[in-house]
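>>> could you look at this predicted model? Sequence included:
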Amino acid sequence: MDLTGRVAIVTGASSGIGAATAKLFAAHGALLTIVGRNEARLLAVAEACERAKGHKPVCAMLDLTLENSCEEVVRKTVETYSKLDMLVNCAGKAMLTSLFDMSMTVFDELVALNMRVPYKLTQHCVPHLKRTKGHIVNVVPAPMRSRPGFLPYAMIRDAMDRFTKAAVLELAPEGVRINAVRPGITRTNLLSNLNVDDDMMDDAYDTLSKVLPNSVILEPEEIAKTILFTVSDMCPNLNGSNIVIDGAASVY
Ligand SMILES: NC(=O)c1ccc[n+]([C@@H]2O[C@H](COP(=O)([O-])OP(=O)(O)OC[C@H]3O[C@@H](n4cnc5c(N)ncnc54)[C@H](OP(=O)(O)O)[C@@H]3O)[C@@H](O)[C@H]2O)c1
């Protein structure tokens, strides 16, 4: 799959699925803006991308939930490359809360990052994507059974599914495609936000894998390949779809 000269914004690119996607896109010739807050990690990904084909990515080191961040990412990208072909909405986090916690802090934080940011970034990218007949990929958790503590995370996941399906009605007439890639449990830094210590991470994944049909925790590189396939020209009518890649974890 050849992405030579195609311009992509990848959010969440300092870690996990976004980092793997940025590196894979770079290896296939894409020109990138990579977004994250952790400087050391983002720069390490930028170096890996540059090593692939010699193209230094634009590094947008910012908190996407802050006012004007989304605009800034799109502005920097178009200023640098004069166009935009792809947006990969991958920044996100998981946090625990429940109906019995009367504070709205976690709920609001999850909505701000996992739902408002992709919506807003999409808004700002669409004028440019219309020109290139471009593509948006939302990384949305697979439709696995929800668990107590993950109520807002599950609500947002389902809202993002609806976002993908409803947005396609507005974007398809403009020639812009939008799809969701929906991973199951994937080995990334996501669990750190759930207060799993680094030295307990392997045990945590081991426990999680036991409830999965094929007992496999996915690696971010496999999700990145699915995202690459989605934006490729192999299936030009792949649009408004949910591509679930979860080792059958959501089959219940
Ligand atoms: N891992 C899984 O099992 C799994 C399964 C299904 C779906 N997903 C989804 O996949 C996406 C990527 O998650 P991951 O598993 O790759 O997790 P991860 O390794 O923790 O990566 C999360 C990324 O989001 C970025 N991010 C977080 N808050 C941000 C903010 N306020 N502003 C800008 N960037 C921010 C992080 O950047 P910094 O660290 O630099 O802030 C990091 O690059 C998420 O939407 C997640 O819900 C994950």
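Everything's here; your move.

>>> kindly provide the distance from the residue nearest to the spatial centre of the chain to the ligand.
Residue closest to the average C-alpha location in the chain (CA atoms, centre = their mean): residue 90, at 1.5 Å. Using CB to the nearest ligand atom, to the nearest Å, we find residue 90 at a distance of 5 Å from the ligand. Every C-beta, even on glycine, is put in place using the N, C-alpha and C of the backbone.

>>> that residue reaches residue 8, doesn't it?
No. The pair residue 90 / residue 8 is not scored as a contact, 11.0 Å apart, by CB atoms under 8 Å.

>>> quick one: residues in contact with the longest helix along the chain.
Ranked by residue count, the top helix of the chain under DSSP state H comes out as helix 151-171. Residues outside helix 151-171 that contact it (CB atoms under 8 Å, 6 or more residues apart in numbering): 94-95, 97-99, 106-107, 110-111, 114-115, 118-119, 122, 126, 129, 136, 138, 140-141, 143, 146, 177-180, 182, 239-242.

>>> give me the ChimeraX select line for the residues you listed, limited to the buried ones.
Restricted to buried positions by 16 or more other CB atoms under 10 Å, the ChimeraX selection for the contacts of helix 151-171 reads:
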select :94,95,97,107,110,111,114,115,118,122,126,129,136,138,140,141,143,177,178,179,180,182,239,240,241,242
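
>>> filter the contacts of helix 151-171 down to the ones near the ligand?
94, 114, 141 (CB under 6 Å from any ligand atom).

>>> work out for me the element the first one sits within.
Secondary-structure assignment from DSSP states H and E places residue 94 in no helical or strand segment.
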